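Colleague: Let's see this in three dimensions:
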Amino acid sequence: MVPMDEPKDLECAPVREDARDFDLELLGRQRPAVFSNTFTEVMFCASLLISMLMAEYFISGFNIILPDLSLALSIPHGSQTWPASVFSLVTGSFLLPLGRLADIHGAYVIFTSGLIWFCLWSFIAGFSTSYEMLIATRALAGLGPAGFLPASIMLIGKTYRPGPRKNLVFALYSAFAPIGFFLGIIIGGVTSEFITWRWYFWLGSIILFLVCLVSLVMVPNDRLATRAENSHTKMDYWGVFTIVPALVLITFAITDGGHAPNGWGTPYIIVTFVLGMLFLGAAIYVEGWVATQPLLPFDLFEPKYMKRLTVSLFFAYGVFGIYLLYASMHIVNMMGGSALQTAVWFAPMAAGGIILATIGGFTLHLLPGRVLLIISGAGSVISVLLFAIIPEKANYWAYVFPAMVGATVGVDITFLVSNIFITTNVPRHRQGLAGALINSLLFLGISFFLGLADLAVAENEKRSGGEGYMVAFWFATACAIVTLLIFSTIKIPKAESELTAEDKFARGRQTVEDETSE
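Modeller: Numbers count the residues shown, from 1 in each chain. This is a model prediction of the structure:
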């Protein structure tokens, strides 16, 4: 494995004592010193990029195999969204504690462990013989991305300084999300059409196994360096025991409330929701007034526009989650598309993601983040609005194609801009937490808003045709408009070469010392 045992190896270049002497443009473009040559950097990036690809693979493709899988395992119609959402729910609920573990023990340990765990349970999922076994394996598999996703962002954030090189790596990282999304849909369509849904899991596991091997060798081992830098960092167990149950219980109640025997009047739904709210209240109290090192410290949101960005991202990713599931269901159930045809119709999302990421990697330092966020917000509105007004016998090029383009504009630009902004404004010892926050907003946003949309659809099941799906798309349209309005108030600057959070602190301290000496 590539050594990263000394804290100095994490820097992109030797840092002068006076932060004012930095050649920021050069530091933002050159290869980090931890990589001895281009090959090691490429393999490092490949491990991170493909890990993101596989997380998306097991989200998108599952929606494609769900109809065949439901028949094979006799999954009730009202419960079919639960296997799709439990993966995101578990991942989102455990991102913060595993992100903290990365800050304590290093990104290498959590990244590689998460990949191995994900590979194991995804492989076992292919042998599912019942609805209950499928739910269990999907839930356990969700712990894998909860580990390697924040760790991967931590690795990028600590390895690369702000500047064009970091922008390019994050752009590629964002691009592999739609690639994984499309790959999952294609493999899901092919396996459902020609083989068996089980091979969807097994083929994904084979790719994960290869990524595990490369990661164990090529990802820099930062365990000793991280423990030296963050020796003061401790796990917030009270936060874990309150935040995780709160997220799981509340999201479960929202997701299952529409399909319970008596809806929200069902006793176990009421109990689950009330317990979740009690845990949430306890979590707020613990994090704000009890924990010495809270799992989600309030000062994380001190950078300008961080609070608004957090709220808008929660809505934006929720819209994307609704779009993914209900667009797939509408194409299959209302437009008569086969699994393979559905996969092909989603191709513009993958192509658009690659194009946007490539352009973004070379232009992010030239365009203001506010403009990019407004463009992405408009794309989200278009994607769900087109499906909300789509007629029964719609033309693909008039409705579905522009919706796919709008969806990829909406999610890819948002993901790229927010990743760079958050990791740049968070110090090194909190990069794991930054990665956890970014992915928590993604996965919890998907689970939470998908549950609300599913509840709205369940209330309209008695209506004929596609009206139930239309309710979900209109709800998503309202959420997308909220996202766009918030985006328009966030003034994120260009992603240029600049000082890191540590450099800014050092510069401020040096200024104070200079003024004192005078």
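Colleague: ok, which stretches of this structure are strands?
Modeller: Counting by DSSP state E, no segments of the chain form strands.
Colleague: looking at it, which helix or strand is least sure?
Modeller: helix 501-517 (a mean of 47; mean pLDDT, DSSP states H and E).
Colleague: ok now do Ile374, which residues does it touch?
Modeller: For Ile374, the contacting residues are Leu484, Phe487, Ser488, by Cβ atoms under 8 Å, 6 or more residues apart in numbering. C-beta here means a position set from N, CA and C on the backbone, and glycine is covered the same way.
Colleague: Look up how far Arg428 lies from Arg165.
Modeller: To Arg428, Arg165 is 17 Å away according to Cβ to Cβ, to the nearest Å.
Colleague: before we move on, the earlier item: most neighbours out of the contacts of Ile374, which is it?
Modeller: Phe487 (28 neighbours; other Cβ atoms under 10 Å).
Colleague: and which of the contacts of Ile374 is nearest Val217?
Modeller: Phe487 (40.8 Å; Cβ to Cβ).
Colleague: and the closest residue to Ala253 other than its chain neighbours, what does it touch?
Modeller: If the residues on either side of it in the chain are set aside, Ala253 comes closest to Phe273, at 3.8 Å by Cβ to Cβ, 6 or more residues apart in numbering. Phe273 makes contact with Leu249, Ile250, Ala253, Ile254, Gly257, according to Cβ under 8 Å, 6+ apart.
Colleague: Need the worst-confidence member of those residues.
Modeller: Least confident entry in these, by pLDDT: Gly257, with 73.
Colleague: my guess is that residue meets Gly263, correct?
Modeller: Yes - counting by Cβ atoms under 8 Å, Gly257 does reach Gly263; the two are 6.4 Å apart.
Colleague: which residues are in contact with both of these two?
Modeller: Ile269.
Colleague: and these two? which has more neighbours close in?
Modeller: Gly257 (22 against 13).
Colleague: For the more buried one, which residues are in contact?
Modeller: Applying Cβ under 8 Å, 6+ apart to Gly257 gives the contacts Gly263, Trp264, Thr266, Ile269, Phe273, Gly451, Leu455.
Colleague: what residue ranges in the stretch 1-150 of the chain are flagged as low confidence?
Modeller: For the stretch 1-150 of the chain, applying pLDDT under 70 flags the ranges 1-28, 77-81.
Colleague: one more time with 50, if that's ok
Modeller: 4-21 (pLDDT under 50).
Colleague: And the longest helix along the chain, what does it pack against?
Modeller: Assignment by DSSP state H gives helix 38-73 as the longest helix of the chain. When contacts are defined as 3 or more Cβ pairs under 8 Å, 6 or more residues apart in numbering; DSSP states H and E, helix 38-73 packs onto helix 81-105, helix 107-125, helix 131-141, helix 143-159, helix 164-194, helix 198-218, helix 306-333, helix 339-345.
Colleague: Per-residue pLDDT of the residue nearest to Ala253, please?
Modeller: 92.
Colleague: any idea how far Ser85 is from it?
Modeller: For Phe273 relative to Ser85 (Cβ to Cβ), the value is 16 Å.
Colleague: With pLDDT and distance to Thr191 added, can I get the contacts of Ile374 in CSV?
Modeller: Output for the contacts of Ile374, formatted as CSV (pLDDT from 0 to 100; distance: Cβ to Cβ, whole Å):
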residue, pLDDT, distance to Thr191
Leu484, 97, 37
Phe487, 95, 38
Ser488, 94, 43
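Colleague: Just name the closest of those to Ser113, please.
Modeller: Phe487 (35.7 Å).
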